[in-house]
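In: I need the structure of the sequence given here:
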Amino acid sequence: MRTLHLGLRVADLGRSLGFYGALGYEVVGSVHATSLGDLTMIKLPDDPFVAIELVSGSSASASGGGDRLSHLVIKVDSMDTVLAELAAAGIHPDEPPGSPDGSNEFRTAWITDPDGNRIELVQWPPDHPDGLTAADFSDA
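Out: From the prediction side, this is the model:
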């Protein structure tokens, strides 16, 4: 099994597409008038699969904000480059980037999308796998 994608409720699809577009996401396709609302599938250019489903429309807003996500995590190759690109689009981190292990190679930064969804940007050390593994946890 593997995670396929995350569904995020959004209030204004155009505003959200602008925000996620600035992060590098591109639209893969859309499905209109489902029982959830209108669905817009997005992914990063180097990913082969849809990563996020933006759920908009009256059905999406009717269920309120209580069914949102805790946060989304995006791996970046260079924190400095990504933060500069986001700043050019008017998007700034919620607080200065940090380093959980005190190194300059493992860095994190947090941003918030227009609907209040929190996004953690992660720059792994060069030899780290592309995702979390058991080796990342002290009790492994």
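In: helix or strand right after the least confident helix or strand in the chain by mean pLDDT?
Out: The weakest-scoring helix or strand in the chain, judged by mean pLDDT, DSSP states H and E, is helix 58-62 (a mean of 55). Next helix or strand after helix 58-62 toward the C-terminus (DSSP states H and E): strand 71-75.
In: partner strands of that next one, parallel or antiparallel?
Out: Using DSSP bridges, the strands paired with strand 71-75 in its sheet are strand 118-123 (parallel).
In: what's next to the partner strand, contact-wise?
Out: Residues outside strand 118-123 that contact it (C-beta atoms under 8 Å, 6 or more residues apart in numbering) are 23, 70-79, 82-83, 93-94, 97, 105-113. In short, each C-beta sits where N, CA and C put it, glycine included.
In: do stretch 93-113 as well
Out: Residues outside stretch 93-113 that contact it (C-beta under 8 Å, 6+ apart) are 8, 10, 16, 19-20, 79, 83, 86, 91-92, 118-126, 128.
In: can you check stretch 42-58 too?
Out: 4-13, 16-17, 20, 24-28, 33, 36-41, 72, 74.
In: quick check: the closest residue to Ser56 other than its chain neighbours vs Gly21, distance?
Out: Among residues not flanking Ser56 along the chain, Leu13 sits closest, at 4.1 Å (C-beta to C-beta, 6 or more residues apart in numbering). Going from Leu13 to Gly21 by C-beta to C-beta, to the nearest Å gives 12 Å.
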